[in-house]
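Engineer: Structure, please.
(4 chains, ligands or ions: 4)
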Protein chains: 2
Amino acid sequence: MTHQSIAFHHEHNHSHCIEQALSQARSLCKARKQRLTAIRELVLRLIWQSHKPLGAYELLPALAEAGFNSAPPTVYRALDFLQAQGLVHRIASLNAFIGCPSPDAPHDGCFLICEGCRTVVELNADAIINQVQQEAQTMGFAVRQQTIEISGLCPNCRDKNA
Amino acid sequence: MTHQSIAFHHEHNHSHCIEQALSQARSLCKARKQRLTAIRELVLRLIWQSHKPLGAYELLPALAEAGFNSAPPTVYRALDFLQAQGLVHRIASLNAFIGCPSPDAPHDGCFLICEGCRTVVELNADAIINQVQQEAQTMGFAVRQQTIEISGLCPNCRDKNA
DNA sequence: ATGACAAGGGTTATACTATAACATTAAAGT
DNA sequence: ACTTTAATGTTATAGTATAACCCTTGTCAT
Ligand SMILES: [Zn+2]
Ligand SMILES: [Zn+2]
Ligand SMILES: [Zn+2]
Ligand SMILES: [Zn+2]
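Structural biologist: Ligands and ions are numbered 1, 2, ... in the order given. Sure thing, here's the model as predicted:
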């Protein structure tokens, strides 16, 4: 099992995913002198509850439960921060957010989105990104950002449907 | 100049783009026994006013001017039809719609989006799509749909900024 | 310490995007 | 003509995101 595909294995030790994400976030923010406040950490933890992307409004009830203000700006501010730090990605085709498993270096994600179980896996897709760069270059186009979101069926759901 | 990149050349004969798109749409719909009604054709024509994507709500005033009902469902229905026929694509990262220059065969577009002039070009990106297929396959993932949207600067805007 | 400043968060309102549901009209097939 | 289906009109509402303003808290220089 590759590191990337771990999310497609439903029985993996997910608390490890959560703890690793939070630990990485803390050390990254510390190194960058950015403040991982209580709200921000909570939002990050909520997003990492699973490998399924969450919409901003799905986060609000949990913020309310935790005693924070739960108006939209609160969660969008936290999400903006987390995105700026590369800790979460926004999935444009779903209007939803997913934790980044490798936030050390800033990058655009490349996502496999299962339409069966809604699990999302972020690929290390250098090959795709290089291919895109190449195509763009022949058009004289200077790439700044890439949105690459692939929908379909993960191995589990594909087998079920077969 | 390649066929693909024509939209990046601001001085091209755009009425030719429009007429070709409409003529293709008429013949495709006829062949498929689908009705390209007045509203649908108008929406398609509006979208082809330029090579810049339009939001659904940007179409409403023109529909009103033409004497049609201009409530959101009207334009979304037309857009749904045009998308189903492959005549327009939705750009998820912009919540906007763009005409498809090659609607004969159904496909997911692969778009270069200029952040300077907002012009969008659809690539014939078999190479990218094959690369994506390959990456997905190694994960056991069955691709159904691809969202590939590249933002950056077109040749013109890149030169201006330099 | 203390004050000045910047960053974060609370709060209200609103903009923007998209769809549900049901009534009415127009088209197509018999 | 009659039936049936597809398209459009209409009203209401759901879902996503941001503007603007104010107050609190943290940061930092003095
Ligand atoms: Zn996990
Ligand atoms: Zn990532
Ligand atoms: Zn196309
Ligand atoms: Zn441009």
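Engineer: buried sites along stretch A:14-30?
Structural biologist: In terms of neighbour count (16 or more other C-beta atoms under 10 Å in any protein chain shown), stretch A:14-30 has its buried residues at A:14, A:17, A:18, A:21, A:22, A:24, A:25, A:28, A:29. For every residue, glycine as well, the C-beta is placed using N, CA and C.
Engineer: ok, now stretch A:54-63?
Structural biologist: For stretch A:54-63, burial by neighbour count (16+ other C-beta under 10 Å) applies to A:54, A:56, A:59, A:60, A:62, A:63.
Engineer: ok, then the element right after the strand or helix carrying the fifth one?
Structural biologist: Using DSSP states H and E, the secondary-structure element containing residue A:62 is helix A:56-65. Following the chain from helix A:56-65 toward its C-terminal end, the next helix or strand by DSSP H and E is helix A:72-84.
Engineer: tell me which strands and helices the next helix or strand after that following helix is in contact with?
Structural biologist: Next helix or strand after helix A:72-84 toward the C-terminus (DSSP H and E): strand A:88-91. Packed against strand A:88-91 by the contact rule (3 or more C-beta pairs under 8 Å, 6 or more residues apart in numbering or on different chains; DSSP states H and E) you find helix A:72-84, strand A:96-99, strand A:110-114.
Engineer: can you list contacts of the last one?
Structural biologist: This points to strand A:110-114. A:8, A:53, A:89, A:91, A:93-94, A:98, A:120-123, A:125, A:128-129, A:146, A:148-154, A:156-157, B:135-136, B:139, B:141 (C-beta atoms under 8 Å, 6 or more residues apart in numbering or on different chains).
Engineer: Then the shortest one?
Structural biologist: With contact meaning C-beta under 8 Å, 6+ apart, strand A:96-99 is reached by A:21, A:44, A:47-48, A:51-56, A:79, A:82-83, A:87-91, A:109, A:111, A:120, A:122.
Engineer: Stretch A:116-127 and ligand 1, any residue contact?
Structural biologist: No: contact of stretch A:116-127 with ligand 1 (C-beta under 5 Å from the ion) is absent, the minimum separation being 9.4 Å.
Engineer: Could you name the helices and strands sitting against the helix ranked longest in chain A?
Structural biologist: Counting by DSSP state H, the longest helix found in chain A is helix A:14-31. Identification of packing neighbours for helix A:14-31 by 3+ C-beta pairs under 8 Å, 6+ apart yields helix A:38-47.
Engineer: can you tell me if the helix it packs on touches DNA strand C.
Structural biologist: Yes: contact between helix A:38-47 and DNA strand C, assessed by C-beta under 7 Å from any atom of the strand, occurs at A:38, A:39, A:40.
Engineer: Kindly reformat the buried residues of stretch A:14-30 as TSV containing distance to ligand 2 and pLDDT.
Structural biologist: Shown next, in TSV, are those (distance: C-beta to the ion, whole Å; pLDDT from 0 to 100):
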residue	distance to ligand 2	pLDDT
A:14	18	96
A:17	14	96
A:18	16	97
A:21	11	98
A:22	16	98
A:24	11	97
A:25	13	98
A:28	13	97
A:29	16	97
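Engineer: Turn those residues into a markdown table, including distance to residue A:103.
Structural biologist: Shown next, in a markdown table, are the buried residues of stretch A:14-30 (distance: C-beta to C-beta, whole Å):
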| residue | distance to residue A:103 |
| --- | --- |
| A:14 | 18 |
| A:17 | 13 |
| A:18 | 14 |
| A:21 | 8 |
| A:22 | 11 |
| A:24 | 6 |
| A:25 | 7 |
| A:28 | 6 |
| A:29 | 10 |
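Engineer: Could you dump the helices and strands packed on strand A:88-91 into JSON lines with mean pLDDT and mean neighbour count added?
Structural biologist: Formatted as JSON lines, the helices and strands packed on strand A:88-91 follow (pLDDT from 0 to 100; neighbours: other C-beta atoms under 10 Å in any protein chain shown):
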{"stretch": "helix A:72-84", "mean pLDDT": "98", "mean neighbour count": "17"}
{"stretch": "strand A:96-99", "mean pLDDT": "98", "mean neighbour count": "24"}
{"stretch": "strand A:110-114", "mean pLDDT": "97", "mean neighbour count": "25"}
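Engineer: May I see these arranged in TSV, with distance to ligand 1 as well?
Structural biologist: Listed next are these as TSV, based on distance: least, C-beta to the ion, whole Å:
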stretch	distance to ligand 1
helix A:72-84	18
strand A:96-99	9
strand A:110-114	14
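Engineer: what's the pLDDT at the closest residue to residue A:28 other than its chain neighbours?
Structural biologist: In space, and not counting its chain neighbours, residue A:28 is closest to residue A:103: 6.1 Å by C-beta to C-beta, 6 or more residues apart in numbering or on different chains. Per-residue pLDDT puts residue A:103 at 97.
Engineer: looking at this, residue A:103 is in a helix?
Structural biologist: No: counting by DSSP: H, G, I helix; E, B strand; the rest coil, residue A:103 falls outside a helix, being coil.
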